[in-house]
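A.B. asks: What follows is a predicted structure for the sequence shown.
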Amino acid sequence: MVFILFLPNFYKHIFWIARNIWAPIILYGMGFWLEIKYKGEINKNQQYMFVANHTSYIDPFVMLRVFKKPFVFVGKKELVKIPLFGYIYKRAAIMVDRSSSKSRYGVYSRADNVLDKGYSVCIFPEKNYFDETILLNPFKHGAFKIAVFHQFPIVPTVFFDCKRKQPWYTTHGYPGKLRVNVYPSVLTKGMIEKDIPKTQNKIYNLIDSELRKDPERSALEAIDTWKRINKIS
C-alpha cells in the first residue's frame, strides 16, 4: 500500500484494497457479516456525501463494504500517530484536529481538493460520540455545509447493530449480523447556507427515528446493557 501511494491517481487503488481485502478480513475475522438494504438508488456517476451514526470502531469497515463508489473519509488527526498506518492514512483521508478551530475550517478546502478529483466524501457527523448512554449525539454542521456548497446529494445511512455488538467499550460486545439501511439521498440542489440547519435536522431525525423504530431494539439494548453494567439509573 505504501508503494501504491506513489502511483498516479493512487487513491482508487487504496480504496479498492481497503474495501475488498482489508474490510472483509477485519469484519469476517471478528465474526461479523452484513445485511445491507438499499432503499434508494446510488448513481455511480454522481458524487455524494455519505453520513451515518457513529457507534463503534468497526463503523469505517462497515461503510467501506456498503458503498462501491470510491469515497474519502474525514477522520481525526490522532490516527496519524499509528506506525505505518498513519503514513498511509494522512495521504488517503481528509484529516481534522478536533481541538483546533483552524483545522476544522481547513476541512472545507481539503474537501474541495478531493471533490475536484471526482470522489465522494464520508463523514460521521456526531459530536462526542463516545458516550454509550446516548443513542444519537447532536450533529456537527460540516458535512451538510460541504454538501450544500457543492450541491450534491446527502445519503443517510443507519448502522443498527454496531453499538451493541462492538461498542466503544468492547467488554460486552459479541459477533453476529450487522444490519445497515441506506436511505434515499437528500437533494441539495438549489439550497443555500440558510438551508443547512433544516437539512441537518431532517437527516438527524431520520436516523434517530429509524434507530428507535428498530424491531430488534439493538441500539437501545446497547444503552440498557451499558447502564446495567455500570449501575447507571
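C.D. replies: That came in fine, so what should we check first?

A.B. asks: So, low pLDDT: which residues of the chain?
C.D. replies: 2, 79, 84-85, 90-92, 96-110 (pLDDT under 70).

A.B. asks: And the next helix or strand past the longest helix belonging to the chain?
C.D. replies: In the chain, taking DSSP state H as the definition, the longest helix is helix 196-213. Later in the chain than helix 196-213, the nearest helix or strand by DSSP states H and E is helix 218-229.

A.B. asks: Report the buried residues of that following helix.
C.D. replies: For helix 218-229, the neighbour count (16 or more other CB atoms under 10 Å) marks 218, 219, 222, 223, 225, 226 as buried. Every C-beta, even on glycine, is put in place using the N, C-alpha and C of the backbone.

A.B. asks: And for stretch 201-215?
C.D. replies: For stretch 201-215, the neighbour count (16+ other CB under 10 Å) marks 203, 204, 207, 210, 211, 214 as buried.

A.B. asks: Just give the nearest non-adjacent residue to the residue nearest the centre of the chain, would you?
C.D. replies: Nearest to the geometric centre of the chain sits residue 124, at 4.1 Å (CA atoms, centre = their mean). Once flanking residues are discounted, residue 124 sits nearest to residue 54: 3.5 Å by CB to CB, 6 or more residues apart in numbering.

A.B. asks: Could I get the contacting residues of the one you found?
C.D. replies: 124, 126, 129 (CB atoms under 8 Å, 6 or more residues apart in numbering).

A.B. asks: quick one, helices of the chain?
C.D. replies: Counting by DSSP H, the helices of the chain are 10-17, 23-29, 59-66, 85-92, 101-116, 142-150, 162-165, 196-213, 218-229.

A.B. asks: helices or strands up against the second one?
C.D. replies: Contacts of helix 23-29 with other secondary structure elements, assessed using 3 or more CB pairs under 8 Å, 6 or more residues apart in numbering; DSSP states H and E, are made with helix 59-66.

A.B. asks: mind checking how far the helix it packs on is from the chain centre?
C.D. replies: Centroid separation between helix 59-66 and its chain, computed with CA atoms, centre = their mean, to the nearest Å, is 8 Å.

A.B. asks: Helix 10-17 and that one, what's the angle between them?
C.D. replies: 90 degrees (axes from the mean of the first three to the mean of the last three CA atoms, to 10 degrees).

A.B. asks: Which strands and helices lie in contact with helix 59-66?
C.D. replies: helix 23-29, strand 32-38, strand 49-52, strand 71-76, strand 154-159, strand 176-182.

A.B. asks: Deepest-packed of those, please.
C.D. replies: strand 49-52 (a mean of 26; mean count of other CB atoms under 10 Å).

A.B. asks: The residue nearest to the centre of the chain contacts residue 57, doesn't it?
C.D. replies: No - in this structure residue 124 lies outside contact range of residue 57 using CB atoms under 8 Å: 11.7 Å.
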